[in-house]
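**Q** Model the structure of this input:
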Amino acid sequence: MPRTPDEFATLKAVIASYMSRDDQRLIESAYRFSARAHAGTARQSGEPYVVHPLAVAHYLASRSLDAATIAAALLHDVIEDTATTERDLEREFGPEVASLVAGVTKLGRIRLSSTTPLLPEFLRRRAEERQRFERQVESLRKMLLAMTDDIRVILIKLADRLHNMQTLTAVPEHKRARIAQETLEIYAPLAHRLGMGEMKGQLEDLAFPYVYPAEQEQLQAMIGPKIQEREQYILRFQRILRAFLESEEMWVIDVHGRVKHLYSLWRKLNRYEGDLAKIYDLVAIRIILPDPADCYQALGLVHSRWNPLLGRIKDYIATPKPNGYRSLHTTVFGPDGEIVEVQIRTPEMHEHAEYGIAAHWHYAEGRHAREDAQEASQTKLEWLQELHRWQESLKDPKELKKVLHLDFFSDQIFVFTPQGDVIKLPAGSTPIDFAYAVHSDIGNATTGAKVDGRLIPLRTPLKNGDIVEILSTKASKGPKRDWLKFVKTQKARTHIKAQLHLAS
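**A** Numbering: from 1, shown residues only. I've put the predicted structure just below:
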């Protein structure tokens, strides 16, 4: 068995700080299983493969996620990359862990087509290519949610993508642009929708130099000296601000600065025609206070000492962002007349701003940390109800049966062509519907179908994530009248009737 004593020892120390001994044993068992399954294989960096699942598990454990999630993180690649099956995992670790691993494996199919042009300059030059690309990205985002009935699957997948981006230099150069573009277009927006600000910023900054190398280099050169200068100023303002609030008998938990993420800054600069002087939150100050009432009191005190910039006061406590973000924002003329953004929030608000939905799934004693829906916090319910706003076309959840479960796409499915393109269909659609969705000529010439490499009857309902291959022949006599008994889409029905010369 590969030995990775340092990485596993670090993980053990983290889980020991919040897990019961029984749950620690589950994690140890999952690690041993993963190490055996991946024995003899290495990452492209040359490290033992098990270093990767350890890194994913450590990220999630550092957010105090439950034991099943950490175990699944350690095992997340064993179905895809080894001879292990979901049934093997269910026998060894139970249905919950096995289901999480299977869910992550399914999401591994979601990727940008390797044939999609990725160079930003090319995409800007060819509007029709950009539109096609954006349609694919939109479908992939929606598919990622549609294929997931447990939010912890997405948390594991995001942590997996983060570590893969951190080690992207080990990947062959011709693959880096696609992986980075995928990260910018699919995973970073998803992290944002989950309220995971820290994750979103890291993913974007890691992808930035691969997708926009010239722009990233230019921006780095432009702001490097400016950030150092601003950081010194912010440190001085922090001390003044804390002393002032404490002199007003406020209990200040923390005051700290934060540097704006590079990719986010670049996006904002584009809106301001490259004028860095208009970016007031290059380095912002955060004030952490015990409760919301303190936040409002502090806002008033700050404004009594430093004049606010008109139109820059935002109350995200009273009206949170769709992803659940809550905070007070103001921009003031600080010491020496410098313009500074100040963010004021409670510890709970800060945790949500950094870790998003992951902050709501902290470890609970026992093997099954899943909370009963009746005990779930209102925040979780509100977040689940807001998630569909990620895309305007997403459907409202029909029922929140369990707080961990999503049901945004009960009326549609997303399946793949063998080339990796995504086809959206109504729930219950068959291979015939799929064939006509690709092209009417393919539908008319269909003689059979395979799903995931296995022959299936043409009336078989397709499921999310299926890879569908249509078998056809030029000698086909065309569609059969019997198909009308089971097709779901109007497009398929219309073309079949036209070929059979039937009245609509």
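
**Q** Please identify the buried residues of the helix or strand containing V468?
**A** Per DSSP states H and E: V468 is located in strand 468-472. Buried residues in strand 468-472, defined by neighbour count with 16 or more other Cβ atoms under 10 Å: 468-470, 472. No exception for glycine: its C-beta is placed from N, CA and C like everyone else's.

**Q** In CSV, list the C-alpha atoms belonging to it.
**A** In CSV, the C-alpha atoms belonging to strand 468-472 read as follows (Å, rounded to 0.1, in the frame of the first residue of the first chain):
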residue,chain,number,x,y,z
VAL,A,468,-26.5,7.7,-26.2
GLU,A,469,-25.3,6.3,-29.5
ILE,A,470,-27.8,6.0,-32.4
LEU,A,471,-27.3,3.1,-34.8
SER,A,472,-28.5,4.0,-38.3
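
**Q** Direction included, what does it pair up with?
**A** strand 446-451 (antiparallel) (DSSP bridges).

**Q** Could you verify that Y233 is part of a helix?
**A** Yes - residue state for Y233 (DSSP: H, G, I helix; E, B strand; the rest coil) corresponds to a helix.

**Q** That one: neighbour count?
**A** 16 (other Cβ atoms under 10 Å).

**Q** what's the answer for A427, then?
**A** Neighbours of A427 (other Cβ under 10 Å): 15.

**Q** I'd say it and Q412 touch.
**A** Yes - taking contacts as Cβ atoms under 8 Å, A427 lies within contact range of Q412: 5.9 Å.

**Q** so after the strand holding V468, what's the next helix or strand?
**A** Moving toward the C-terminus from strand 468-472, the next element (DSSP H and E) is helix 490-500.

**Q** Would you mark the buried spots in that following helix?
**A** 492-493, 495-496, 499.

**Q** Same check on stretch 54-64?
**A** Buried, per 16+ other Cβ under 10 Å, within stretch 54-64: 54-61, 63-64.

**Q** okay, the residues you listed in JSON lines with secondary structure and pLDDT next?
**A** Formatted as JSON lines, those follow (DSSP: H, G, I helix; E, B strand; the rest coil; pLDDT from 0 to 100):
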{"residue": "L54", "secondary structure": "helix", "pLDDT": "97"}
{"residue": "A55", "secondary structure": "helix", "pLDDT": "96"}
{"residue": "V56", "secondary structure": "helix", "pLDDT": "97"}
{"residue": "A57", "secondary structure": "helix", "pLDDT": "97"}
{"residue": "H58", "secondary structure": "helix", "pLDDT": "96"}
{"residue": "Y59", "secondary structure": "helix", "pLDDT": "94"}
{"residue": "L60", "secondary structure": "helix", "pLDDT": "94"}
{"residue": "A61", "secondary structure": "helix", "pLDDT": "94"}
{"residue": "R63", "secondary structure": "coil", "pLDDT": "88"}
{"residue": "S64", "secondary structure": "coil", "pLDDT": "88"}
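
**Q** neighbours around the closest residue to V415 other than its chain neighbours, how many?
**A** In space, and not counting its chain neighbours, V415 is closest to D466: 4.6 Å by Cβ to Cβ, 6 or more residues apart in numbering. By the measure other Cβ under 10 Å, the count of residues near D466 is 22.
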